[in-house]
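Asker: Need coordinates for the following:
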Amino acid sequence: MPFAGTAAGPLRHAHWWQRAWVRYGALSTLLVISGLVILALVREETGTEGFLVGLGLAVLPVPLLIAAFRWLDRVEPGPWRNLLFSFAWGACAAALIAIVANSFATQWIATATADPTSADTLGATVIAPVVEECAKAAAVLLVFLFRRRDFTGIVDGVVIAGVTATGFAFTENILYLGIAFGTDQLAGHSGIASVTAATFFVRIVMSPFAHPLFTVLTGIGFGIAALAADGRRLRRVAFPLSGLLLAMGMHAMWNGSSAFGEYGFFAVYAAFMVPIFGLLTWLVIWTRQRELKTVRAELPAYAVAGWLTPAEPYALGSMRARRIARQYARRHAGKSAARAVAQYESYATSLAFLRHRGRRGRAGPDFVVRERELLEELWRRRDAARPALDHAARITAPPVPVAAPPWPVHGAYGYGHPTGTYGHAYGYPTTPYPAPTTPYPAYKTTPYPAYNPYRS
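Answerer: Next up is the predicted model:
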């Protein structure tokens, strides 16, 4: 008994800091304090009027950037709380770290070298890229470590990194635009020839994607690490560090473009920023299409096992079909049904990715538990989702111009079904699809099919 009591004591009180409410409370407190401090610092630099002007101008690109990253994440949407955390970290914590560290380092270099001009140049091209990219990368690292289920690939890394950098750029733009407005107030400038207009054109019109572009390189590194098996620790460390170093290098080149002559900024912008932006955009969209192919390739196993209808793998692998399914559910059963369909699509996508990782030996120790959770979530929403996805599959399935074969054809989209067919989508003669007596596993008595697709 003494031994049991001694063992129970440490087990009951160990790792209290791992409790969810402690983590959320500490993180929220940190972000709130950082936000208040950064607000005071920016307002002190710009003045109240400059702060308000900078805030009004800096907020303009934020909805567009957030919408773009959210669009990239539509295949398997991550929870909003991750995006809110990322944006808040970039706007508050990362911005505060950058302002304090950059100012301290620049002043120290200026004092040590007695050359303020060189200190400013060194601070902008060396100190700022290192400090700012590390501060932004911290948000990606935290999500990668503590929200591992939501961080499964390159797209997740791009979205988290991009939203973090959007928040950082938002605060930085308030500062720069507010200072520019104060300068114009002192000099009496206004209109297109003002410093505010020039700053707005460079930072908001020409390069709103600059900070997101830098940090996305770090996010890609973490995304590749997320795809690596748990045993490959070198790869899981090397890729994020490589992405971070690339982000620092690109940031340094961007900040140092003014040192390349009168047209250095435009040369760097045209020769590097725009092509790299286009290349990364193509990479992310291509990765998004690969995710849809993964959904179409992995889910048929669950259709064979009876968890999904034969049409669902096709519908869930098409963004157009998904949208039609949600619209159908909203039109016929209301917003709650449309929400259930959206959740069904998200859980089914997570299930496909989980199976894909499992087949490649990259699934974690909670593989079976996670699969069970996802299947249960799908089962709860099947009544609302299946009619909508069936309708969307019939609407979007491309017809195949072939003659009807002389033998009976059964199955939808290549997957057999004993009671009916969707052959009309392919030009085949069809029969009505009667309601089967037990089309799916009896949930109460046999909640899971005997067939396990992961053992095949």
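Asker: surely residue 225 meets residue 244?
Answerer: No - in this structure, residue 225 is not within contact of residue 244 by Cβ atoms under 8 Å, at 11.5 Å. The C-beta positions use only the backbone N, C-alpha and C, and glycine is treated the same way.
Asker: show me where pLDDT drops low in this protein?
Answerer: 1-18, 229-231, 399-456 (pLDDT under 70).
Asker: So which residues of it form strands?
Answerer: Along the chain, counting by DSSP state E, no stretch forms strands.
Asker: List the contacts of the closest residue to residue 215 other than its chain neighbours.
Answerer: What sits nearest to residue 215 in space, not counting adjacent residues and going by Cβ to Cβ, 6 or more residues apart in numbering, is residue 165, at 3.8 Å. Counting by Cβ atoms under 8 Å, 6 or more residues apart in numbering, residue 165 makes contact with 90, 136, 211, 212, 213, 214, 215, 216.
Asker: And these, which two are furthest apart?
Answerer: Within those, 90 and 213 form the most distant pair, 13.9 Å apart (Cβ to Cβ).
Asker: returning to that earlier point: ok, so of the contacts of residue 165, who is nearest residue 275?
Answerer: Out of those, the member with the shortest distance to residue 275 (by Cβ to Cβ) is residue 213, at 11.2 Å.
Asker: Ignoring the adjacent residues along the chain, who's closest to the closest one?
Answerer: residue 277 (5.6 Å).
Asker: Ok, residue 209 next?
Answerer: That would be residue 277: by Cβ to Cβ, 6+ apart, it lies 6.0 Å from residue 209.
Asker: still on that earlier bit, go through the contacts of residue 165 and say which is closest to residue 125.
Answerer: residue 214 (13.6 Å).
Asker: I figured that closest one hits residue 254, correct?
Answerer: Yes - counting by Cβ under 8 Å, residue 214 touches residue 254, with 7.5 Å between them.
Asker: And these two? Which one has more around it.
Answerer: residue 214 (29 against 22; other Cβ atoms under 10 Å).
Asker: show me what contacts the more buried one?
Answerer: Contacts of residue 214 by Cβ under 8 Å, 6+ apart are 129, 133, 165, 247, 250, 251, 254.
Asker: For residue 30, give its distance to residue 170.
Answerer: According to Cβ to Cβ, to the nearest Å, residue 30 and residue 170 sit 19 Å apart.
Asker: Have a look at these two and say which one is more surrounded.
Answerer: More neighbours surround residue 170 than the other of residue 30 and residue 170, with 22 against 14 (other Cβ under 10 Å).
Asker: Could you give the number of residues near residue 63?
Answerer: Counted with other Cβ under 10 Å, residue 63 comes out at 10.
Asker: Sorry, wrong one. I was asking about residue 272.
Answerer: 14.
Asker: For it, list the residues it contacts.
Answerer: Applying Cβ under 8 Å, 6+ apart, the residues contacting residue 272 are 250, 253.
Asker: how about a cut-off of 7 Å?
Answerer: residue 253 (Cβ atoms under 7 Å, 6 or more residues apart in numbering).
Asker: Please apply the same query to residue 369.
Answerer: For residue 369, the contact set (Cβ under 7 Å, 6+ apart) is empty.
Asker: Relative to residue 375, how far out is it?
Answerer: 11 Å.
Asker: Residue 299 now?
Answerer: Counting by Cβ to Cβ, the gap from residue 299 to residue 375 is 12 Å.
Asker: Comparing the two, which residue is more hemmed in?
Answerer: The neighbour comparison of residue 299 against residue 375 (other Cβ under 10 Å) goes to residue 299, with 25 against 20.
Asker: For the closest residue to that one other than its chain neighbours, grab the count of nearby residues.
Answerer: Distances taken as Cβ to Cβ, 6+ apart put residue 313 closest to residue 299, at 3.9 Å, once the chain neighbours are dropped. By other Cβ under 10 Å, 26 other residues sit near residue 313.
Asker: right, and residue 313 touches residue 301 too?
Answerer: No - the pair residue 313 and residue 301 fails to qualify as a contact (Cβ atoms under 7 Å) at a distance of 9.0 Å.
Asker: what sits against residue 187?
Answerer: So residue 187 contacts nothing (Cβ under 7 Å, 6+ apart).
Asker: do you know how far it is from residue 174?
Answerer: 21 Å.
Asker: Mind listing what's buried along stretch 115-128?
Answerer: 119, 121, 122, 123, 124, 125, 126, 127, 128 (16 or more other Cβ atoms under 10 Å).
Asker: I'd like the distance between the residue nearest to residue 215 and residue 257.
Answerer: From residue 165 to residue 257 the distance is 18 Å (Cβ to Cβ).
Asker: swap in residue 148?
Answerer: Counting by Cβ to Cβ, the gap from residue 148 to residue 257 is 38 Å.
Asker: now residue 232
Answerer: 37 Å.
Asker: between those two, which one's more packed in?
Answerer: Using other Cβ under 10 Å as the criterion, residue 232 and residue 257 rank with residue 257 on top: 19 against 13.
Asker: Tell me the spacing between the more buried one and residue 133.
Answerer: As for residue 257, its distance to residue 133 is 17 Å (criterion: Cβ to Cβ).
Asker: Also residue 238?
Answerer: Applying Cβ to Cβ to residue 238 and residue 133 gives a distance of 17 Å.
Asker: neighbour-wise, which of the two wins?
Answerer: Neighbour count, other Cβ under 10 Å: between residue 238 and residue 133, residue 133 has more, with 29 against 15.
Asker: I'd like the contacts of residue 165 laid out as TSV, including distance to residue 264.
Answerer: Converted to TSV, these look like this (distance: Cβ to Cβ, whole Å):
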residue	distance to residue 264
90	27
136	25
211	19
212	22
213	18
214	18
215	23
216	23
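Asker: Quick one: which of these is the most crowded by neighbours?
Answerer: residue 215 leads the contacts of residue 165 on contacts (other Cβ under 10 Å) with 35 neighbours.
Asker: That one is in contact with residue 160, isn't it?
Answerer: No - using Cβ under 7 Å, residue 215 makes no contact with residue 160, being 9.2 Å away.
Asker: what sits against residue 388?
Answerer: So residue 388 contacts 325, 328, 329, 341 (Cβ under 7 Å, 6+ apart).
Asker: Neighbours of the second one, how many?
Answerer: This points to residue 328. Neighbours around residue 328, by other Cβ under 10 Å: 20.
Asker: elements contacting the longest helix seen in the chain?
Answerer: Ranked by residue count, the top helix of the chain under DSSP state H comes out as helix 20-58. Judged by 3 or more Cβ pairs under 7 Å, 6 or more residues apart in numbering; DSSP states H and E, the packing partners of helix 20-58 are helix 95-113, helix 154-187.
Asker: Roughly how far does residue 40 sit from residue 56?
Answerer: Applying Cβ to Cβ to residue 40 and residue 56 gives a distance of 19 Å.
Asker: And residue 311, by the same measure?
Answerer: From residue 311 to residue 56 the distance is 49 Å (Cβ to Cβ).
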